[in-house]
Each structure stands twice: as C-alpha cells, then as structure tokens.
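Build me a model:
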Amino acid sequence: MLSKNNYKITNKELADIIHLHPNYFNAVFKKYVSETPQRYINSLRIKKAKDILLRSHEAISEIPEQIGFKDVYYFSKAFKKATGMSPSLYRSLHQSHESHLSKNY
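Prediction:
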C-alpha cells in the first residue's frame, strides 16, 4: 500500500526502483496485475479517499492533495468514474447509512 510520502510517485520512479525501463515496467506490471501502474495507483488513491470521506469531516477540497491528486477537479472526476458518484454524494449516502445502522443497534 502507498504511504503518504509516495502518493505522488510516477511510473518512471517505480521503474527506476527496480531498474527497468519505464515502458518495459508498464508492460510487465500490466501483465501481472491486469492494469497499468497508474490505474492501480489511482485505485489505491480512491480507496484511501473513501476511507477519509467516511472517517473524517475534512472538506472535500483538502482530500486530493493528501492522496496525490493534483487538484479537486481531477480528483472528483476520477472518484466519480470509479464509484459512479461524486465524493460529496458518496460521503452523504454512506454516512447516513451508517447513522441509520447505529440507530437500529
């Protein structure tokens, strides 16, 4: 899993770590993981964003920088593509669902 220090890591940096050319690294990574390194990293970022959205009350505009997205627009677009909803709707639906569950127990 990515740590906070390497959320902005690039494909070239990953390739350099294991001493491969970036194009070859991308091909090998895709062969074994079934998606590109960037797509995989973005899925980790979205997973972390979901966690932050549900466990904190941070402004959505503060989340992208924490997880390595360059701006809130790109983050929102990637989040919606991955989940089918905006970050604010995701937070609203899931927090109200958890609130409803806690009232029933």
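
count of residues packed around Lys30?
When neighbours are defined as other CB atoms under 10 Å, Lys30 has 14 of them. In short, each C-beta sits where N, CA and C put it, glycine included.

One more: Lys31?
Under the neighbour criterion other CB under 10 Å, Lys31 is assigned a count of 8.

do the same with the one 5 residues further on
A count of nearby residues for Thr36, using other CB under 10 Å, gives 14.

wait, Ala15 sits on Phe25?
Yes. When contacts are counted by CB atoms under 8 Å, Ala15 is listed as touching Phe25 (3.6 Å).

Show me the shaky parts of this structure.
Applying pLDDT under 70 to the predicted model, the residue ranges of the chain that meet it are 1-7, 96-105.

what separates Glu62 from Ser88, distance-wise?
Using CB to CB, to the nearest Å, we find Glu62 at a distance of 13 Å from Ser88.

same check, this time on His94
Between His94 and Ser88 the distance is 11 Å, computed by CB to CB.

Contacts only, for Asn26.
The neighbourhood of Asn26, defined by CB atoms under 8 Å, 6 or more residues apart in numbering, consists of Asn11, Ala15, Thr36, Pro37.

Quick one: neighbours of the first one, just the number.
A total of 16 residues lie near Asn11 under the criterion other CB under 10 Å.

so it makes contact with Asn23?
No. In this structure, Asn11 is not within contact of Asn23 by CB under 8 Å, at 9.1 Å.

circling back: quick check: the farthest pair among the contacts of Asn26?
Greatest spacing in those, by CB to CB: Ala15 and Thr36 (12.4 Å).

Where does the residue nearest the centre of the chain fall, secondary structure wise?
When CA atoms, centre = their mean is applied to the chain, the residue found nearest the centroid is Arg45 (1.6 Å). Element membership of Arg45, judged by DSSP states H and E, is helix 37-55.

what's in contact with that helix?
The contact list for helix 37-55 (CB under 8 Å, 6+ apart) reads 1-2, 7, 9, 11, 14, 25-26, 29-30, 33, 35, 58, 60, 63, 66-69, 75, 78-79, 82-83, 87, 90-91, 94-95, 98.

let's go with 7 Å and repeat that
The contact list for helix 37-55 (CB atoms under 7 Å, 6 or more residues apart in numbering) reads 1-2, 7, 11, 14, 26, 29, 33, 58, 63, 66-69, 78-79, 82, 87, 90-91, 94-95.
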